[in-house]
Each structure stands twice: as C-alpha cells, then as structure tokens.
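K.L.:
from the sequence below, what's the structure:
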Amino acid sequence: PHTLQEVLKAFGVERRLVEKYVLRDVDLVVEPGEIVVIVGASGAGKTTLLRMIIGAALGIRNERYRPTYGKVEVPDNVKLEYMLPGEHEPKFGDETLLEHIVDKVGNPAIAVEILNSVGLSDAVFYRARFHELSTGQKERAKLASMIASRPNLLIIDEFAAHLDALTAQKVARKLSQIARRTGMTVIVATNRIEVIKALCPDKIIYVGYGATFSMRYEESEYAK
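P.N.:
Have a look, this model is predicted:
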C-alpha cells in the first residue's frame, strides 16, 4: 500500500525491482550427431536451457521457451522429440506397447527391436498397456516411443531418473549406440554418474546458477 511505502521510505527502505537471470552469457555449440549431457544442481537452470533449445526448434513463442536476449539457432531440417517430465511427455492410448510402436515404424520386427533396446524385452511387455506398467517401465516405454518417431534431435530432462542403476546403465548404453548408428543428436539432463559414463557423451555442459560452460567428456571428471 502507498502509506506503507511512505513509512518504509522514512526508515530508508525502498522497494526495488530485482531481476534474476537463471542463465546468462550462454555461448554453446552442439554439433549434429553429438551426445551431450547437461549437469548441475537442482534449480541451477538445466531445464531452462533445454526449454530454450526446444523453443528454437519448434518456434514456440511462449516466454518460458525463449531467451530474454540473444538467440538459439537450430538447423532447418531439425526433427525433434523431447520429454520434460510433468510438462511434455509421449502420449499413449489404450493400445498395447507393441501396437503403439508399430503404428510409428510400420514394422513389427523393428518395433520389437526398439522395445528390446530400452529393456522391455519380454513378450509380457509387448502385450501390456501403458497404464499397466510400473514407473520405471513407463519411463522406458516413453523413450521407446520417442526413438520410434525417428528424430534427429532427442532432448530428455531427468533422463533415467526412475530406473535402477543397472537398468539405467543398460538403457543409456543402448541409447548411445542408437544415436551413434543413426547420427541422432542427443541432449539429456542428468546428474547420475553411472548414466553419464554409460552414455559416453561427446560433451558435458555444466550449469551453475547463471554460469554455463562446456567441456569435452574425456577431459571431465566423469571420464576418470
């Protein structure tokens, strides 16, 4: 209220507009076909960085997906699949997992291969519906759905967050193999050391409360 502001001013207290940038002075390059891992503490800006890339790739005008200044450039031929948990995830109907993947790739054998690659290699999973799966199985099904769309850019926040260590490593290793074989660019955010090692990425991007820099994986502490 105006009266309260006058009282505060009398004691030398003034209201100021404080601007806080989650990310600033970001200057990063991701080459086509690279696997990149973004690391950083919770709230440091990992998801914000992913949103900036997604916004540029899809032409999203929402301010959450656009930088305050500067620009993010992506190739014109980008075909993006992405997952931001709780914000944007693959959609499943009442079809079985196998039917869902076959609808995307048009070939049952390839669909089975994709499901196998994410650790859903039992016939029970082929016949299962999404709502019948456990949390970890749902995460793997979402990954399979995105891979089946054959993107050339895959972005995942909180990658492998709900998988046990062994399964997470297997899925990460297989995703890395698929990306290397197809030339798909992969950008994921995770702090799980075993997952980062299994991905064997080209680059690590460190995000830390405004500061952002990248390093070749082999030069990082994760490669040791």
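K.L.:
what residues are up against the residue most central in space within the chain?
P.N.:
The residue lying closest to the centre of the chain (C-alpha atoms, centre = their mean) is Ile156, at 1.8 Å. By C-beta atoms under 8 Å, 6 or more residues apart in numbering, Ile156 lies in contact with Tyr82, Met83, Leu143, Met146, Val186, Ile187, Val188, Ala189. For the C-beta atoms, the positions are set from N, CA and C on the backbone; glycine is no exception.
K.L.:
among those residues, which ones are buried?
P.N.:
Neighbour-count burial (16 or more other C-beta atoms under 10 Å) applied to these gives Tyr82, Met83, Leu143, Met146, Val186, Ile187, Val188, Ala189.
K.L.:
hang on, the first one packs against His88?
P.N.:
Yes - contact status for Tyr82 versus His88: in contact at 6.5 Å, counting by C-beta atoms under 8 Å.
K.L.:
where does the protein dip in pLDDT?
P.N.:
Where the chain drops to pLDDT under 70, the residues are 1-25, 209-210.
K.L.:
again, only using 50
P.N.:
Counting by pLDDT under 50, the chain shows low-confidence ranges at 17-18.
K.L.:
for it, which helix is longest?
P.N.:
Ranked by residue count under DSSP state H, the longest helix found in the chain is helix 165-182.
K.L.:
residues in contact with it: which ones?
P.N.:
The contact list for helix 165-182, computed with C-beta under 8 Å, 6+ apart, reads 33, 35, 117-119, 136, 140, 143, 147, 150, 154, 159-160, 163, 184-186, 192, 194-195, 197-201.
K.L.:
what segments of the protein are helices?
P.N.:
Using DSSP H, the helices of the chain run over residues 2-10, 46-58, 97-105, 108-117, 123-127, 135-148, 165-182, 193-199.
K.L.:
next step: the contacts of Ile156 restricted to strands.
P.N.:
Among those, the members falling in strands (DSSP state E) are Tyr82, Met83, Val186, Ile187, Val188, Ala189.
K.L.:
can you redo those residues as JSON lines with distance to Ile54?
P.N.:
Below are those laid out as JSON lines (distance: C-beta to C-beta, whole Å):
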{"residue": "Tyr82", "distance to Ile54": "5"}
{"residue": "Met83", "distance to Ile54": "10"}
{"residue": "Val186", "distance to Ile54": "14"}
{"residue": "Ile187", "distance to Ile54": "10"}
{"residue": "Val188", "distance to Ile54": "13"}
{"residue": "Ala189", "distance to Ile54": "12"}
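K.L.:
what's the closest of those to Val39?
P.N.:
Ala189 (7.5 Å; C-beta to C-beta).
K.L.:
the closest one and Ala44 touch, don't they?
P.N.:
No - Ala189 is beyond contact range of Ala44, at 10.1 Å (criterion: C-beta under 8 Å).
K.L.:
what's near enough to touch the closest residue to Lys104 other than its chain neighbours?
P.N.:
Closest residue to Lys104 apart from its sequence neighbours, by C-beta to C-beta, 6 or more residues apart in numbering: Ala148 at 3.9 Å. Contacts of Ala148 were listed using C-beta under 8 Å, 6+ apart, and they are Ile101, Lys104, Val105, Ala111, Ile114.
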